[in-house]
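# Fold the following, please.
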Amino acid sequence: MPSTAQHSASEGPPGSQPATPPEADTATPWATATADPSASAAEPAAKVDLETSPGTSRLQDLSTVAPALAGGTALLRAPVDPATWRAVAQASIGFPWLLVTGILSTVLAALGVGLLPVFGLGALILLVALPAARGFARVERGRLLAQLGVLITPGPARTRPRLRSWRGLVAATTDRVAWGAVAYAAVAMLLVALEVVVAWSLGAVLALLLSPVLSWDDGPSVSQVALVAAGVVGPWVWAVATQALALVHVRLARSLLGLSRVSVEVRRAEAEAEQAREVAARAEQRADHLATTRTRAVGAADDDRRRIERDLHDGAQQRLVALGVELGTAKRAAATDPDAAAAALDHAHREIKETLSELRDLVRGIHPAVLTDRGLDAALSAIAARHPVPVTVEVPDPAALSAASPGAQAAAYFVTAEALTNSARHSGATRVHVVAGIGLGASGAVLRLEVVDDGRGGATASPGGGLDGLRSRVEALDGTFRLDSPAGRGTRIMVEVPCAS
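Numbering: from 1, shown residues only. As a prediction, this is how the structure comes out:
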């Protein structure tokens, strides 16, 4: 059962409802907490895109364009496989397109190369033909994607050369990607013609199947039976041949219209190098963050040590000195003035009680015994019971808090204690709500704590202050600390500490 307790200076009657914390019904605890900026170091870097890998592309092409070549059930259903009919449509639509573009590309390229010696006329033709070839390649890649479902990664983008120099002119007329498109147009023009012949040969296959039957006058002959058998097997042969030619077409397009193998490896190497740089940058950021938090934690521990020394020197030590003086006075007055001795002993007795109370408070500030003996739930309830402002402590699963390490529980305890002290001294709050529980963070189970009051707000974690010390304590445990205190709208402190800290 969830543990929900309300503690205040004056307890209400049994069964009374606890005060509703500010904004408790409008925001889930720690829902707005932000992650540590260095926490991304624990996240895996983005994987290198392998879609352009030649080996991967071949497997994808085989399963998408020519599944019958893999055998199995795909071979049995080849005549009715959508891949077969996509190949037929691609050949039928692509034939007139590739015939026209192939002739134009081949003629312009041949004219450009042939007329290069003639006053640069060939160069002018190439300066028009090669960019047009790049446009053709772009359209052809889109056509193959739409008709065959094959994605071909384009080659490097064209950089605009400076044609006023010989180097720029040479670069413009030796564009590898454009010349690849020209070569593709010339070869694909012939290949698609063969594809069309094969694609439309299904009618001849069916004729082989039907013509002997139609001409059976005196019974079937051996040749007629053979033709019928060929007609029965023919649809599978036709389908496999159609898919195979479509696969050859795709492989041709990949080799001439897409990235070359060298370009693929260069891109892969660049991506892996970029990934390594990102990992190194995150690791460096993480190391800097840990160094900063550890330094601040050491400084906070040193400040705590000096505070304890000061409290002992100015408080308990001075009281003990005064107590010694009182006892000496009582000893001297015992024989001559019993009443004065009794008064001195009464005063010494009060001093002893006050000194013990002060020492208990000091020890509680170092590490509260209730936290060790009864756990975080009881320790938070003990803080709330001593607080002058009504405090509601909500722990949905008290037993789960034991999963947090002693260091994590101590951090949550001191954050709560400091937040309650600030709410009583500075905020003018009339109620405070504390929620503690175990949740799942980026790096595993975390102890989550939220302290909300309805005070005047405006709190800041100024360097050297109490809240800044709490931030250092939490971050030293690899946790996150968030302070949200808009003026006039109360204060919300949200903390996450890894349970293993």
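# what about His433, helix or strand, and which?
For His433, the host element (DSSP states H and E) is strand 432-441.
# would you list every one of the strands in the chain?
Ranges of strands in the chain, per DSSP state E, are 3-7, 391-395, 432-441, 444-453, 480-484, 491-498.
# The ones you listed into TSV, with extra columns for distance to Thr101 and mean neighbour count?
All C-beta spots, glycine's among them, are computed from the backbone N, C-alpha and C. Below are these laid out as TSV (distance: least, Cβ to Cβ, whole Å; neighbours: other Cβ atoms under 10 Å):
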stretch	distance to Thr101	mean neighbour count
strand 3-7	76	17
strand 391-395	73	24
strand 432-441	58	22
strand 444-453	59	24
strand 480-484	60	19
strand 491-498	62	26
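# Of the ones you listed, which shows the lowest average pLDDT?
Ranked by mean pLDDT, these bottom out at strand 3-7, which scores a mean of 47.
# how does the chain divide into domains?
Following the assignment in automatic domain parsing, the chain carries domains at 3-7+18-41+281-498, 54-258.
# circling back to that earlier point, for the strand holding His433, name the packing helices and strands.
With contacts taken as 3 or more Cβ pairs under 8 Å, 6 or more residues apart in numbering; DSSP states H and E, strand 432-441 sits against helix 376-386, strand 391-395, helix 406-422, strand 444-453, strand 491-498.
# Rebuild the domains of the chain as JSON lines, extending it with distance to Arg268.
Shown next, in JSON lines, are the domains of the chain (distance: least, Cβ to Cβ, whole Å):
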{"stretch": "domain 3-7+18-41+281-498", "distance to Arg268": "20"}
{"stretch": "domain 54-258", "distance to Arg268": "11"}
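# so what's His347 up against?
Listed by Cβ atoms under 8 Å, 6 or more residues apart in numbering, the contact set of His347 reads Glu326.
# Compare the domains of the chain and give me the one nearest Ala271.
Each of the domains of the chain has some distance to Ala271 by Cβ to Cβ; the shortest is domain 54-258, at 12.8 Å.
# picking that back up, parallel or antiparallel, list what pairs with the strand holding His433.
Pairing partners of strand 432-441, with direction, according to DSSP bridges: strand 391-395 (parallel), strand 444-453 (antiparallel).
# Helix 406-422 and that strand, what's the angle between them?
Here strand 432-441 runs at an angle of 150 degrees relative to helix 406-422 (axes from the mean of the first three to the mean of the last three Cα atoms, to 10 degrees).
# List every C-alpha atom in strand 432-441, with coordinates, as CSV.
Extracted in CSV, the C-alpha atoms of strand 432-441 (Å, rounded to 0.1, in the frame of the first residue of the first chain):
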residue,chain,number,x,y,z
VAL,A,432,4.9,21.6,1.8
HIS,A,433,4.5,18.3,-0.2
VAL,A,434,7.3,15.7,-0.4
VAL,A,435,7.3,12.7,-2.8
ALA,A,436,9.9,10.0,-2.9
GLY,A,437,10.1,6.8,-4.9
ILE,A,438,12.1,4.6,-7.2
GLY,A,439,11.9,5.0,-11.0
LEU,A,440,13.7,4.1,-14.2
GLY,A,441,16.3,6.5,-15.5
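# Burial check on Leu99, number of neighbours?
Neighbourhood size, Leu99 [other Cβ atoms under 10 Å]: 17.
# and what of the one 5 residues further on?
Leu104 has 15 neighbouring residues, counting by other Cβ under 10 Å.
# Select, out of the helices and strands packed on strand 432-441, the one closest to Val197.
Taking Cβ to Cβ, strand 444-453 is the member of those nearest to Val197, at 64.3 Å.
# Nothing else from me, thank you.
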